[in-house]
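Asker: structure of the sequence below:
(one chain, ligands or ions: 1)
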Amino acid sequence: MELLSTQPYKGTRDFYPDDMKLRNWFFGKIRRALELAAFDEYNGPMVESLDLYIAKSGEEIACEQTYNFEDRGGRRLAIRPEMTPTVARLVAAKCAELNMPLKWFSIPNLYRYERPQRGRLREHWQVNVDIFGCDTFDADLEVISTAINLMKSFDADETMFRVHINNRRFFNDVISAICGTDAEGSRKVSKVVDRRNKVTREAYVKDLTELGISEDKIAKIDALYTMTVEEATALCPESRGSEELLSLFEAVRAMGIEKYCVFDFGIIRGLDYYTGTVFEVFDEAPENNRAMFGGGRYDNLVGLFLKKTNISGVGFGFGDVTLENFLVTHKLIPDIYNIGKKVLVARFEEVPVEKYTSIVDSLRENGIVSSLYIGTKKFGKQLDYAIKGKYTHVVIIGGNELETGIAKIKNLSTHEETECPIDKIGKYFN
Ligand code: HAM
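Answerer: I've put the predicted structure just below:
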């Protein structure tokens, strides 16, 4: 019989205990920072109706990247490639009773059929932070400053990451001011601009030319990539998008977070539902060139589920793969593998097992991570097991110790041996 592979499915990862320690550490930090900022956690199912993504996520995600299938009842379903349609559905279902503005977060695992590469896999976990029910840019600001605070909670500074900000409304208006395009024409240009880092300059120019954009207009678009927010918005001063961008940057300056932020005309976001502010956070290390966060304002998504009411949303997704690359590259991971005291109670045949279990119980009652050795190996083997398992101490109670009532305690880092009355072991390590 041919043996089965031990490899996980392409683009997915196995998490061994040391991997989980790292993940629990960084997700724990994120969870604490978000709870401290009064965001409440929610969750939803891994499987949704495929229509949810076809309606709003945009062609690339819905058609090329979802894992979809038909269930036994003939329903077209997809494994969630993103969380935003799900959270919009949750909000729509209970909008009358929810306390707006809502501040919600979630850490789902998502599936996208992508070519696995550095920073991109087929399964990733994504911290989703969203605010619903606030139409003014205060929510955009809160979301962007939350993203910055999350980075700062890992001791990241302004040399390590940058928030690149643009505005969809501004984009459409400035493109229409330069090229004379209508809404659909501007949307087509946005798709070309969004792809420009993935294709050659020739292909980029060819795609724009095919949309009827002349050489001098392409030069005007080129100039936008290096403009400041004031220079760029001066090209379409009447646009609501310009006003939104200028107000946002003014507030960013007033809050003292402008060192983390930059205006970037090239930020479009591949997802179709964004309507206003859009942003991405980039790692400044050149080897980590994929966006770490992506987000923005989406005014019409909850409206997909409701007849008359609409509730706007603004938020971002922050992936675990790019976060881990970031933390490793910038050396921001402390020693999370040594958790403090960890005690192994060695086992000898001549001592009844219940003597040992009561000792382990008393250690645990005192909050000490502890285990009774499982099995009947010789003491030397038990000691090897303790060292490999990163135990810090071994409690030794054989026939002699049981008789005298005094246990031996071996410290595995100093190799010292001390003694302790058996009935006091519970408190010995505190
Ligand atoms: P997104 O830009 O598709 O946005 O993803 C957000 C982040 O998730 C990316 O910047 C990246 O860190 C991570 N990510 C995405 N795809 C992958 C992948 N294949 N492998 C590893 N990491 C990945 C959204 O999904 C929006 N729904 C976010 C959002 C929330 N917008 C508003 N609220």
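Asker: tell me the buried residues in the host helix or strand of V252?
Answerer: Assigned by DSSP states H and E, V252 belongs to helix 240-254. By neighbour count, with 16 or more other C-beta atoms under 10 Å as the criterion, the buried positions of helix 240-254 are 241-246, 248-249, 251-252. Heads up, the C-betas are built off the backbone N, CA and C, glycines and all.
Asker: what's the answer for stretch 41-52, then?
Answerer: Buried-residue list, stretch 41-52, by 16+ other C-beta under 10 Å: 42, 48, 50, 52.
Asker: how about the CA coordinates for that stretch, as CSV?
Answerer: Extracted in CSV, the C-alpha atoms of stretch 41-52 (Å, rounded to 0.1, in the frame of the first residue of the first chain):
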residue,chain,number,x,y,z
GLU,A,41,-15.5,40.0,19.6
TYR,A,42,-17.9,38.2,17.3
ASN,A,43,-17.7,35.2,15.0
GLY,A,44,-19.6,33.5,12.2
PRO,A,45,-19.7,30.3,10.2
MET,A,46,-16.8,29.2,7.9
VAL,A,47,-19.2,28.4,5.1
GLU,A,48,-21.5,31.0,3.5
SER,A,49,-23.7,31.3,0.4
LEU,A,50,-21.5,31.9,-2.6
ASP,A,51,-23.8,34.7,-3.6
LEU,A,52,-22.6,36.8,-0.7
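Asker: that stretch near the ligand at all?
Answerer: No. Using C-beta under 6 Å from any ligand atom, stretch 41-52 stays clear of the ligand, coming no nearer than 12.1 Å.
Asker: which residues touch that stretch?
Answerer: Stretch 41-52 is contacted from outside by 31, 34-35, 62, 66, 68, 75-80, 83, 85-87, 89-90, 104-109, using C-beta atoms under 8 Å, 6 or more residues apart in numbering.
Asker: just how off-centre is that stretch within its chain?
Answerer: Distance, stretch centre to chain centre, for stretch 41-52: 17 Å (C-alpha atoms, centre = their mean, to the nearest Å).
Asker: likewise stretch 109-127?
Answerer: For stretch 109-127, the distance to the chain centre is 11 Å (C-alpha atoms, centre = their mean).
Asker: tell me how far the ends of that stretch are from each other?
Answerer: 9 Å (C-alpha to C-alpha, to the nearest Å).
Asker: give me the average confidence score over it.
Answerer: Average pLDDT, stretch 109-127: 96.
Asker: what sits up against it?
Answerer: Here stretch 109-127 has contacts from 9-13, 23, 27, 30, 34, 46, 61, 64-67, 79-83, 105-108, 150, 287-290, 317-322, 325, using C-beta under 8 Å, 6+ apart.
Asker: next: stretch 23-35.
Answerer: Taking C-beta under 8 Å, 6+ apart as the rule, stretch 23-35 contacts 15, 41, 105, 107, 125, 127, 129, 146, 149-150, 153-154, 318, 320, 323-324, 327, 333, 336.
Asker: let's see that with 6 Å instead.
Answerer: When contacts are defined by C-beta atoms under 6 Å, 6 or more residues apart in numbering, stretch 23-35 is touched by residues 105, 127, 150, 153, 336.
Asker: inside strands: which ones of those?
Answerer: Those of the contacts of stretch 23-35 mapping onto strands are 105, 127, per DSSP state E.
Asker: can you tell me which of the contacts of stretch 23-35 is nearest the ligand?
Answerer: Nearest to the ligand among these, counting by C-beta to the nearest ligand atom, is V127 at 8.6 Å.
Asker: grab the nearest non-local neighbour of the closest one.
Answerer: F318 (4.2 Å; C-beta to C-beta, 6 or more residues apart in numbering).
Asker: in contact with T181, which residues?
Answerer: T181 makes contacts with I175, as judged by C-beta under 6 Å, 6+ apart.
Asker: so it is in which element?
Answerer: Here T181, judged by DSSP H and E, is contained in no helix and no strand.
Asker: got phi/psi on it?
Answerer: Main-chain torsions, T181, degrees, to the nearest 10: phi -80, psi 150.
Asker: so what pLDDT did it get?
Answerer: The model's pLDDT for T181 equals 91.
Asker: may I see the buried residues of helix 240-254 arranged in a markdown table, with pLDDT and distance to the ligand as well?
Answerer: Output for the buried residues of helix 240-254, formatted as a markdown table (pLDDT from 0 to 100; distance: C-beta to the nearest ligand atom, whole Å):
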| residue | pLDDT | distance to the ligand |
| --- | --- | --- |
| G241 | 96 | 18 |
| S242 | 97 | 22 |
| E243 | 96 | 22 |
| E244 | 95 | 17 |
| L245 | 97 | 18 |
| L246 | 97 | 22 |
| L248 | 96 | 16 |
| F249 | 97 | 20 |
| A251 | 96 | 20 |
| V252 | 96 | 19 |
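Asker: no further questions, thank you.
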